[in-house]
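Undergrad: Return atomic coordinates for the entry below.
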Amino acid sequence: MSEDVRDSLIPYDEIVQDALRAVVGRVLSQVVGSDSLPGEHHFYITFKTQAPGVAIPGHLIAKYPDEMTIVLQNRFWDLTVEEDHFSVGLSFNQTPSILTIPYAAITAFVDPSVDFGLQFQVADDGEAPEPHDEADNDRPDVAAPDVTAEDGSNVVTVDFGKRK
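TA: Got it, this is the predicted structure:
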């Protein structure tokens, strides 16, 4: 292969990212109308709290100013799935909240029960994101998935390096 990598006039990286984020919507649409997931399935969804279209309570933005992870497993309600976002009711320290999250704000989606995960690149603003804890959204204790596993699991990472 030639070392001359041409710049594409077609934004393939954005197209692939959008397509993979649509997978999240399709998976969530499979469980609309229920207040728990089938079998052992449970989802870790990480998203940028300051992304356009994200609507979460102010106390969560204060606690997670950059990114937060929610868990959909046993206790959630009013899950609605739209073409470009989803919303769901979760309880944080016994306080019910409705979260609206555009798919474009999602940075990771993991279902550890079947060793499946998607990671998404976000626009690089030159700064690394601040470390964050998982949201305390009143759920049973479950080990957090390692979405960077190199053990042959079904984690899909899309990274289109841009030439400088």
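Undergrad: What ranges does this protein have for its helices?
TA: 12-29, 58-63 (DSSP state H).
Undergrad: so where's this protein shaky on pLDDT?
TA: Counting by pLDDT under 70, the chain has low-confidence residues at 1-5, 35, 122-164.
Undergrad: same thing but 50
TA: Scanning the chain for pLDDT under 50 picks out 124-130, 132, 140-150, 152, 160, 162-164.
Undergrad: what about Gln17, how many neighbours?
TA: Residues near Gln17, counting by other C-beta atoms under 10 Å, number 20. (Each C-beta comes from the backbone N, C-alpha and C, glycine too.)
Undergrad: Name the nearest residue to it, sequence neighbours excluded.
TA: Phe120 (5.7 Å; C-beta to C-beta, 6 or more residues apart in numbering).
Undergrad: Contacts only, for that neighbour.
TA: Gln17, Leu20, Arg21, Ile106, Thr107, Ala108, Val158 (C-beta atoms under 8 Å, 6 or more residues apart in numbering).
Undergrad: what sits against the third one?
TA: For Arg21, the contacting residues are Tyr103, Ala104, Ile106, Phe120, taking C-beta under 8 Å, 6+ apart as the criterion.
Undergrad: From Pro96, how far out is it?
TA: 27 Å (C-beta to C-beta, to the nearest Å).
Undergrad: can you check the second one too?
TA: Leu20 sits at a distance of 31 Å from Pro96 (criterion: C-beta to C-beta).
Undergrad: Pick out whichever of those two has more residues nearby.
TA: Counted by other C-beta under 10 Å, Leu20 and Pro96 do not tie: Leu20 has more neighbours, with 17 against 12.
Undergrad: so that one touches Gln119, yeah?
TA: No - between Leu20 and Gln119 there is no contact under C-beta atoms under 8 Å: 9.2 Å.
Undergrad: So for stretch 73-93, first residue to last residue, what's the gap.
TA: End-to-end distance of stretch 73-93 (C-alpha to C-alpha, to the nearest Å): 16 Å.
Undergrad: Next, the buried residues of it.
TA: In terms of neighbour count (16 or more other C-beta atoms under 10 Å), stretch 73-93 has its buried residues at Gln73, Phe76, Leu79, Val81, His85, Phe86, Val88, Leu90, Phe92.
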